[in-house]
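**Q** What follows is a predicted protein model with its sequence.
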Amino acid sequence: MFSLFLEALIPGLTQGCIYALVALGFVVLFSVTKMYHVMIGEFGMAGGMMGATLYAAGMPLYASVIIAIGSTTIISAAIWYAVFHRPFAKGASIMNLKLITIALTLVSVGIAYLIWGTNYKELPPFSNIELSLGTVRIDPQTPWIWGVLLLVVAGLSFLLDHTLVGKALRASADQPTGARLVGINPNSMAFYAFVLAGALGGIAGIVVVPITMTYYANGVFLTLSGLLAAMAGGPNRAEGAIMGGLFLGLIQSLVGAFISSKYMTVITLACFIVILLIRPQGILGVKEEEL
């Protein structure tokens, strides 16, 4: 029984780390703009597909990963300036911005289909070290996924606490009116948050490829999973995004191991609904009037 628990726990934590990475992207952008960035999963899909394509073309693995993440970050910046910069600067409603992201998501799925077709893409693990916990074998990619989440959290903490841009982002999220009064440009902060969210999506999308593979429509799954995690944990708290991601990953894995894989989605969504019925702002979320 303990071995079965470990066999469910380790993949659950791993999947939860991916959800948490995507959820952090939602939290970063929502905190600054109050907009849900439903394209984050598409950046994850693009990062995974580009990395796998570059590796298949003969590029070294780590170079493929770095270039893919950098490319998604650049694409995110280009999309902001081409599509979102003017509407946001002109005061477009949050609903209009959401509709634009939904439309762009559909377009990106179509473009990905035209470029890569329906074939799955894969990458080898980032290292081939064999690990085990008791009798349970740990996938070589699993420590990388856990480590990447820790590095991202540490990097975000350093950015927000020790850099001018990070402090401006935090001010825009916590006290938007006060931030404007001291000269912080909300349009610039929205741009930085949008690009950061795209980079986080790209990171999440590519580190999971050695375990699950990826294909052109994988972004929708990443988006929904990250959004559920962010909402369950609290869309305005980074700690909530991490807790929500790990919680959903563990619930899915444990239900699949001890009940049935048929009920994973149903029970996970039921838990999500219960959480929001009890705490509409999420487990660690803060009501807007309390900010």
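**A** Arrived safely. Numbering: from 1, shown residues only.
**Q** rest of the way, CA atoms for contacts and neighbours
**A** Fine.
**Q** how about the helices in this structure?
**A** For the chain, helices defined by DSSP state H occupy the ranges 2-33, 40-56, 61-79, 85-89, 94-116, 142-162, 164-174, 176-181, 186-207, 209-212, 218-233, 238-258, 264-278.
**Q** Please identify the deepest-packed of these.
**A** Comparing the helices of the chain by mean neighbour count (mean count of other Cα atoms under 10 Å), helix 40-56 comes out on top with a mean of 28.
**Q** can you tell me the average pLDDT over that one?
**A** If you average the pLDDT over helix 40-56, you get 94.
**Q** same check, this time on stretch 251-264
**A** Average pLDDT, stretch 251-264: 85.
**Q** Can you list the strands that the lowest-mean-pLDDT helix or strand in the chain pairs with?
**A** Across the helices and strands of the chain, mean confidence by mean pLDDT, DSSP states H and E is lowest for strand 131-133: a mean of 78. Paired with strand 131-133 in the same sheet, following DSSP bridges, are strand 136-138 (antiparallel).
**Q** quick one: contacts of the strand it pairs with?
**A** With Cα atoms under 8 Å, 6 or more residues apart in numbering as the test, strand 136-138 has contacts from Ser3, Leu6, Glu7, Ile10, Glu130, Leu131, Ser132.
**Q** Off-centre distance for stretch 30-37?
**A** Mean-position distance between stretch 30-37 and its chain equals 14 Å (Cα atoms, centre = their mean, to the nearest Å).
**Q** Next, the residues that contact that stretch from outside, please.
**A** 26, 29, 94, 97-98, 101, 169-170, 172-174, 176, 189-190, 193-194, 235-236.
**Q** ok, back up a step: just put the contacts of strand 136-138 in TSV and tack on distance to Thr268.
**A** Compiled in TSV, these are given as follows (distance: Cα to Cα, whole Å):
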residue	distance to Thr268
Ser3	23
Leu6	19
Glu7	19
Ile10	17
Glu130	31
Leu131	29
Ser132	28
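**Q** Out of the residues you listed, which two sit at the greatest distance?
**A** Ser3 and Glu130 (17.8 Å; Cα to Cα).
**Q** so where is the chain shaky, pLDDT-wise?
**A** Counting by pLDDT under 70, the ranges of the chain that qualify are 1, 286-291.
**Q** same thing but 50
**A** 290-291 (pLDDT under 50).
**Q** returning to what we had before: can you pull out the residues in contact with the least confident helix or strand of the chain?
**A** Defining contact as Cα under 8 Å, 6+ apart, one finds that strand 131-133 is touched by Arg137, Ile138, Asp139, Pro140.
**Q** so Gln281 makes contact with Gly240?
**A** No. Between Gln281 and Gly240 there is no contact under Cα atoms under 8 Å: 10.2 Å.
**Q** Find residues that contact each of the two.
**A** Listed as contacting both Gln281 and Gly240 by Cα under 8 Å, 6+ apart are Ala232, Gly234.
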